[in-house]
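*Asks:* Sequence and predicted model, in that order:
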Amino acid sequence: MKQKVENFISFCAGKLSLNVRRIIGLVLMIKFLIFVFGLCSYQLLNEKSLTSSYWIFGVWNRWDAEHYLTIAQSGYAAVGERLYDIAFFPLYPTLVSVFIFLTGNEVLSAFLVSGIASVALGVLFYYLVNLDYAEETAMSAVWFLFIFPTAYFLHIPYTESLFLALIVGSFLFARKGNWLLAGILGFLACTTRINGLILCLALPFEVLIVWRETRRFDWRWLWLALIPLGFVAYLLLNYFVTGNALAFLEVQRGHWGKYLDFPWKSIWKQILYVRIQQNSVSQMFGLMELLFIGIGFLSIVVGWRSLRGSYRVWLIANWLLFVSTSWLLSVPRYTLTMFPIFILFALVSKNWLAKIFITAWSILFLALFIISFVQGRWGF
């Protein structure tokens, strides 16, 4: 039996290209280093020892992660404090609940879901970038994605790795002409995060490219109609749990004070906040939010000519969604989902000075944000 398992592993490894194996190794190595660094910084700054496996993983169970794990364990509820969980989309906690049957531990299960999704993301992103650019550029794009200052969210109980894997996969299969898989992955993305709906704006640009080349209608394009049905499924969940299909909007407004607003209003509020609050809190709630808004906007300007139309739409629509709100929150984390940014980083980094600068900046701020997050301070 042992020999058969070893033969199967060898067979699978042999089917993977050298670069794919390198990507898997890279993702696992970065994951390991992030976990070790987070635990060491927690112990050093708190002078505490982590004596159980629960607490080794538990230092990452903060903020939104607690909501996802509660849903995974107990589902949604229409009363009490747990009513607020309806604002969190269902696919990620559903997958975590499946793994709980295998592990018996909700935190470990969440790490397994995020871990599998992060490896899949690395491979899919490499293949997507490699459609347009050389292998070296594709590898660099993966590298910059996984060392981005908020890339630790790809490895902990948050939706980022799952959502990005589904989004990148949907783009990849659309580019390859597999519209059914593109639609299915888009459907699942819309049950993970609301900005999965932006695929409905972006992927038609890939359809347009094919139509211009062939001047023929392909009925398989209709599979993309599956994408918004994922959001419809989420609305139905809202209705069955609370009796109101738009309950998530009321929760966002009533509990978090978040609602759609003009982007210039939220940006101006953030600038005023930084001017008034001259303390450490304004660094994370103020300056960092503005910094990553600037990074997103700059990527739109720089990538206007060099990126595909679908990528440009993805960048613009996501950026507008993040800033068109009553007040800015978690923009550094949301920026992680704007994956064409990392293609631009890879292209710019052909200049060795730019590569050193982007790498150093990313790793330094990644370390800073990890330290803040594991201490229980705000870390986006």
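*Replies:* Arrived safely. On a predicted model such as this, the values are computed, not experimentally measured, just so you know.
*Asks:* Where is the longest helix in this structure?
*Replies:* The helix spanning the most residues in the chain, taking DSSP state H as the definition, is helix 18-46.
*Asks:* ok, and for that one, which residues are buried?
*Replies:* Buried residues in helix 18-46, counted by 16 or more other Cβ atoms under 10 Å: 19, 23-24, 26-27, 30-31, 34-35, 37-39, 41-42. Backbone N, C-alpha and C define where each C-beta goes, glycine included.
*Asks:* If you count contacts, what does it end up packed against?
*Replies:* helix 106-130, helix 135-147, helix 352-374 (3 or more Cβ pairs under 8 Å, 6 or more residues apart in numbering; DSSP states H and E).
*Asks:* Can you give the distance from stretch 336-351 to the centre of its chain?
*Replies:* Relative to its chain's centre, stretch 336-351 lies at 15 Å (Cα atoms, centre = their mean, to the nearest Å).
*Asks:* Next, the buried residues of that stretch.
*Replies:* Residues of stretch 336-351 classed as buried: 336-347, 349 (neighbour count, 16+ other Cβ under 10 Å).
*Asks:* tell me the two of the residues you listed that are most distant?
*Replies:* Within the buried residues of stretch 336-351, Thr337 and Ser349 form the most distant pair, 20.7 Å apart (Cβ to Cβ).
*Asks:* in the stretch 1-150 of the chain, which segments are predicted with low confidence?
*Replies:* Under the criterion pLDDT under 70, the flagged ranges of the stretch 1-150 of the chain are 1-15, 49-55.
*Asks:* which of the buried residues of stretch 336-351 lies closest to Gly376?
*Replies:* Leu336 (21.1 Å).
*Asks:* Just give me the neighbour total for the closest residue in space to Phe217 that isn't next to it in sequence.
*Replies:* Using Cβ to Cβ, 6 or more residues apart in numbering and skipping the chain neighbours, the partner closest in space to Phe217 is Trp211 (7.5 Å). By other Cβ atoms under 10 Å, the residues close to Trp211 number 14.
*Asks:* For Arg193, grab the count of nearby residues.
*Replies:* Neighbour tally, Arg193, other Cβ under 10 Å: 23.
*Asks:* Contact partners for it?
*Replies:* Taking Cβ atoms under 8 Å, 6 or more residues apart in numbering, we find Arg193 in contact with Phe89, Thr159, Phe163, Thr337.
*Asks:* same deal with Phe37?
*Replies:* Ala367, Ile370.
*Asks:* And it, how far from Ala360?
*Replies:* Per Cβ to Cβ, to the nearest Å, Phe37 is found 16 Å from Ala360.
*Asks:* Make sure Gln252 is actually in contact with Ala87.
*Replies:* Yes: here Gln252 reaches Ala87: they are 5.6 Å apart, a contact under Cβ atoms under 8 Å.
*Asks:* Excluding covalently adjacent residues, which one is nearest to Glu135?
*Replies:* Asn19 (5.8 Å).
*Asks:* isn't the one you found right next to Thr137, touching?
*Replies:* No: using Cβ under 8 Å, Asn19 is not in contact with Thr137; the gap is 11.7 Å.
*Asks:* Could you work out the end-to-end span of stretch 95-112 for me?
*Replies:* Length of stretch 95-112, first residue to last, Cα to Cα, to the nearest Å: 10 Å.
*Asks:* Check stretch 208-223 too.
*Replies:* One end of stretch 208-223 to the other measures 15 Å (Cα to Cα).
*Asks:* Go ahead and name everything in contact with it.
*Replies:* Counting by Cβ under 8 Å, 6+ apart, Gly177, Trp179, Leu180, Ala182, Gly183, Ile184, Val207, Gly309 sit against stretch 208-223.
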